[in-house]
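J.: Below are the sequence and a predicted model for it; my questions follow.
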There are 2 protein chains.
Amino acid sequence: MILRPAIQKRYVELDEPSLTDQRTDLGRLLQAIDDLEPVADLHVLRRLPTVLRAADFKVTAVIVDEALIDVEPGDTTKSQYAIAFDLGTTTVVATLLDVATGTPVAVASMLNRQQPFGGDVITRISATMMDPEALGRLQRAAAETLSTLAIQVCTEGEVDPSHVYEVAIAGNATMTALALGIDPEPLGVAPFIMSSPQPPDVLASELGLALHPRARATLFPALGAYVGGDIVAGMLASGMDRDKRTRLFIDVGTNCEIVLSDGDRILSTAAPAGPAFEGGAIRCGMRAADGAIEVVKLADDVELGVIGDVEPRGLCGSGLVDAVAELVKVGLLDASGRFVPDDVAKEVAPALADRLTILTSDRGEERVFVLHRPAPDAEPEDCVVLTQRDVRELQFAKAAISTGWTLLLEELGLEHRDVQQVLLAGSFGSYLSAASAVRIGLVPKLPVLRIVAAGNVAGEGAKMALLSIRERAGAQALLEEVTYVELSDRSEFNDRFVDQLGF
Amino acid sequence: MILRPAIQKRYVELDEPSLTDQRTDLGRLLQAIDDLEPVADLHVLRRLPTVLRAADFKVTAVIVDEALIDVEPGDTTKSQYAIAFDLGTTTVVATLLDVATGTPVAVASMLNRQQPFGGDVITRISATMMDPEALGRLQRAAAETLSTLAIQVCTEGEVDPSHVYEVAIAGNATMTALALGIDPEPLGVAPFIMSSPQPPDVLASELGLALHPRARATLFPALGAYVGGDIVAGMLASGMDRDKRTRLFIDVGTNCEIVLSDGDRILSTAAPAGPAFEGGAIRCGMRAADGAIEVVKLADDVELGVIGDVEPRGLCGSGLVDAVAELVKVGLLDASGRFVPDDVAKEVAPALADRLTILTSDRGEERVFVLHRPAPDAEPEDCVVLTQRDVRELQFAKAAISTGWTLLLEELGLEHRDVQQVLLAGSFGSYLSAASAVRIGLVPKLPVLRIVAAGNVAGEGAKMALLSIRERAGAQALLEEVTYVELSDRSEFNDRFVDQLGF
């Protein structure tokens, strides 16, 4: 990637005006900058006469894209910063970049302050439908989140916020609409309509950010109501538009985005995976935080990988997939997703069979597998367990996802084995065990080496857009190149879904 | 002029979205408008989803230039209005236009509320140099003036202000800078520098106007610090850019703008005429309001034309020029501008000679000509008089102006007689008697029929810009076509000035 940010600074020493050289202040400045032709708005014109004369006509022009956003006294070309935001439904990450050198200066993350309105996009959209004030409150919550992170990275990087001239934001269509204060209701109900093909040009201040007062905000465009700007950013970062291999990109979450490219055509779709991966519907589900089981291995005993190396408190998404995959492998779960009867359990996995027990709760009795028992005599309700219902939730999720990519493969006339690489993206997908994902059928049956954790590609895409106008144009081009496939009106969807339910 | 305003409305009935037609709200709307491709900003995107659905997808798109500024429920194509402002230093005029038909709906005018800061541009610029808060106060005064007139024309025309989508403003460079809140100091001191070749695009709301919240304001560009947007508008309205005749355009005022075209090249300049025409420096000077003498005829007696047909209270600019011209004609003023001695007066104009008398004031004794005596025995200080100093003020003014056009004529190698038409513009110039103007040498010595009062051409130009994007482009083109000639650094200026002092 060639470093060519939208932010450009030019230090100039201008001839002072005279009766034989009455060029206007702006004309004089722009004629001294021969490679760019920016437009000045009222705000910079208000500052221009004063700054030019106070600085003896030695000034630095600050340009973002086509706009002259400021004129600073003296030479300030060393200070040019931007912030890339990965605006997730759950977690928001900010990276402060020095765009003069292309290097990250500071990174910070926090939970999206919209959490109290619901853990996923649908509950937040519902909130706006039930309470006319919720949209404003959600917008302010987004603004507070972005603004808190901006202050944090500037403080940490010892950068004056007024030297931050641009931000890029990669978020799904709902997060983007809410941050902009656009009613998300049409995104949430069939036929799932976005307000515009791409977000409008806005100032960072319109998103509640106190950076340079005329700093620009660029928001990634979405391919559809459920294949948002975060996915476009991710496709950019993972080179989906340039790589000639047949690749499948899956961002696993409550809403699961799937992109398939055969090196020529690119298809995308969204599959509603339900809440299995966010932990909300899982009895012992939790976010991938300290105490969450993220790795499960079953043999003679249960081996757990726990985030933060502390006592296990619950199960995050990757732990859930691992647990189910291992239980299928050892034979404690059958192909239909049912825990096997006790006698079968004793036969196939004698060392683990006593962990299959009955949990009584307000939902009635159900069979569970105990993953972690805090004390030898602890009751099942005090243990970290995987319930029969949890398995069902995961089954539905993986069926939705695999139906999605199965239909995309068919659309391009491809088989599982044609896929040369699977990219697992998103804060969740990146932590999935490739072997477990293959085993439960979340991804096509491929050698695990072809399955790659892509990391936080949305955030990477946002950074690329800030450092390279060419990459930014690439994100725009994706809008034309990618065909969005709506699955919810396909008659074959439900049949395929049922096919995909088993393990 | 072909009616083609920048404001365009399009009523559309859109197909409702479905799972097989998931076009975005904006995409759906824009595809239904095939002749325009406007850009939507955040504000219209915030309204779009709600308005479309509330109006069953039957809406009117409101477009100004390249911008989609609103979407209104139902068919509102009948309501499209704009306001043209002539933003004068003294008087401001607003005309409400129905741009669908091209007809004016209401007109209103009032004194510019910046008057308390000084009667002319220089005193207002000085105010900003002496008091750091004056710029803000002047800006607010301009906003109040524009806004009061806007309310007045909307009320009178029974038009909802939110149906006014654009305003055009023709003002000189200082009025334009002050309305925008741009420091005018560089305009007021040598070398007289403007902030930008043309004013920035702004919203009417940024000028304090409460019309449609996203209404646009277009301000006329200036040719130089003292040949402002009002003159560009006037040139547009008087066809200076298209007429093939040799024409001289003179806007008479404290600052006098002069444009000369030989049908091929167009030159412009500004001449500082001093306060003679604003009345401030004239003993009995007053604005052209009720009681002002505007016409003077001298024969056996004094015949006066008085505005409002009331008792004369003073002398406005046109009356001043008439009085001096008539006094020269009857021989009471000599060619050098001095009142003749009493004995000469008795000889050349026996019926008027007793009106030449001595006035004693705090400025000492001076000779005056009594134009109006309120009572037969009234003392000179209670009469409407023309003083020797008044004559000197006018001499300086006309010398500055005639030096201006003389130098422009020389620049194009032309003689007086080559000028085919003289246009006298501005609220003052339009009322000048052609014969008097010729007699005192304010305009070239030409048959009076070639001298035409152009009326309020600045206001006309503003209206044309609102009704025709082609004319608006013409105003832009003038910036390239017209050469601005700076006189203040010309060595010959002072010599010519002295030549031009006599009558």
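T.: Alright, I've got the coordinates. Residues are numbered from 1 along each chain as shown, chains lettered A, B, ... in the order given.

J.: where do the helices sit along the stretch 201-350 of chain A?
T.: For the stretch 201-350 of chain A, the helices defined by DSSP state H, counting those that start in this stretch occupy A:229-237, A:317-330, A:342-348.

J.: for the ones you listed, which one ends up most surrounded?
T.: helix A:229-237 (a mean of 30; mean count of other CB atoms under 10 Å in any protein chain shown). (Each C-beta comes from the backbone N, C-alpha and C, glycine too.)

J.: For that one, name the packing helices and strands.
T.: strand A:81-87, strand A:164-171, helix A:173-180, strand A:247-251, strand A:255-261, helix A:457-467, helix A:469-481 (3 or more CB pairs under 8 Å, 6 or more residues apart in numbering or on different chains; DSSP states H and E).

J.: I'd like the distance from it to the chain centre, please.
T.: Chain-centre distance of helix A:229-237: 8 Å, with CA atoms, centre = their mean, to the nearest Å.

J.: now that helix against helix A:457-467, angle please.
T.: When axes from the mean of the first three to the mean of the last three CA atoms, to 10 degrees is applied, the directions of helix A:229-237 and helix A:457-467 differ by 70 degrees.

J.: quick one: helix A:229-237 to helix A:173-180, angle?
T.: Inter-element angle recorded for helix A:229-237 and helix A:173-180: 110 degrees (by the same axes, to 10 degrees).

J.: can you list contacts of helix A:229-237?
T.: A:86-88, A:169-173, A:175-176, A:199, A:219-223, A:241, A:249, A:251, A:257, A:259, A:266, A:268, A:425, A:454, A:457-462, A:464-465, A:471, A:474-475, A:478-479, A:482 (CB atoms under 8 Å, 6 or more residues apart in numbering or on different chains).

J.: Same question for stretch A:40-51.
T.: Contacts of stretch A:40-51 (CB under 8 Å, 6+ apart): A:25-26, A:29, A:59, A:67-73, A:213-214, B:180-183, B:185-186, B:193, B:195-196, B:199-202, B:206.

J.: Please apply the same query to stretch A:401-420.
T.: Outside stretch A:401-420, the residues that touch it by CB under 8 Å, 6+ apart are A:245-248, A:250, A:252, A:256, A:258, A:260, A:262, A:265, A:267, A:269-271, A:273, A:441-446, A:450, A:485, A:487, A:490, A:492-493, A:496-497, A:499-500.

J.: what do you get for stretch A:197-205?
T.: With contacts defined as CB under 8 Å, 6+ apart, stretch A:197-205 is touched by A:164, A:166-167, A:176, A:180, A:211-222, A:229, A:476, A:479, B:24, B:26-27, B:40-42, B:45.

J.: Could you check which residue of the stretch 151-300 of chain A lies nearest chain B?
T.: Distances between the stretch 151-300 of chain A and chain B by CB to the nearest CB are smallest at A:Ser196, namely 3.8 Å.

J.: what about that residue, how many neighbours?
T.: As a burial measure, A:Ser196 scores 23 neighbours (other CB atoms under 10 Å in any protein chain shown).

J.: which residue packs closest to it, ignoring adjacent ones?
T.: In space, and not counting its chain neighbours, A:Ser196 is closest to B:Leu26: 3.8 Å by CB to CB, 6 or more residues apart in numbering or on different chains.

J.: Would you verify that that neighbour is located in a strand?
T.: No - B:Leu26 is assigned helix when assessed by DSSP: H, G, I helix; E, B strand; the rest coil, not a strand.

J.: what's the pLDDT at it?
T.: Looking at B:Leu26, its pLDDT reads 97.

J.: Hmm, it is touching A:Pro186, no?
T.: No - applying CB atoms under 8 Å, one finds B:Leu26 not in contact with A:Pro186, separated by 11.7 Å.

J.: pLDDT weak spots in chain A?
T.: Applying pLDDT under 70 to chain A flags the ranges A:278-280, A:427.

J.: Show me how the record splits it into domains.
T.: Chain A resolves into domains spanning A:7-73, A:81-219, A:236-275+A:394-499, A:290-385 when parsed by automatic domain parsing.

J.: what about the longest one, how long is it end to end?
T.: Just to be clear, that refers to domain A:236-275+A:394-499. For domain A:236-275+A:394-499, the first-to-last residue distance is 33 Å (CA to CA, to the nearest Å).

J.: Would you map the strands across the stretch 401-503 of chain A?
T.: A:421-425, A:451-455, A:482-484 (DSSP state E, counting those that start in this stretch).

J.: Sheet-wise, list the partners of the last one with their directions.
T.: Here strand A:482-484 has these sheet partners by DSSP bridges: strand A:266-272 (parallel).

J.: chain center to the partner strand: distance?
T.: 15 Å.

J.: which residues are contacting that strand?
T.: Residues contacting strand A:266-272 (CB under 8 Å, 6+ apart): A:223-227, A:231, A:235, A:240-241, A:254-261, A:400-401, A:403-404, A:407-408, A:411-412, A:478, A:481-487.

J.: picking up where we left off before, what subset of the contacts of stretch A:40-51 is buried?
T.: A:25-26, A:29, A:59, A:67-72, A:214, B:180-183, B:185-186, B:193, B:195-196, B:199-202, B:206 (16 or more other CB atoms under 10 Å in any protein chain shown).

J.: Near chain B, which residues of the stretch 201-350 of chain A? Just list them.
T.: A:201-202, A:206, A:224-225 (CB under 8 Å from any CB of the partner chain).

J.: Columns distance to B:Ile293 on top of the domains of chain A, output as JSON lines?
T.: Output for those, formatted as JSON lines (distance: least, CB to CB, whole Å):
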{"stretch": "domain A:7-73", "distance to B:Ile293": "40"}
{"stretch": "domain A:81-219", "distance to B:Ile293": "54"}
{"stretch": "domain A:236-275+A:394-499", "distance to B:Ile293": "67"}
{"stretch": "domain A:290-385", "distance to B:Ile293": "92"}
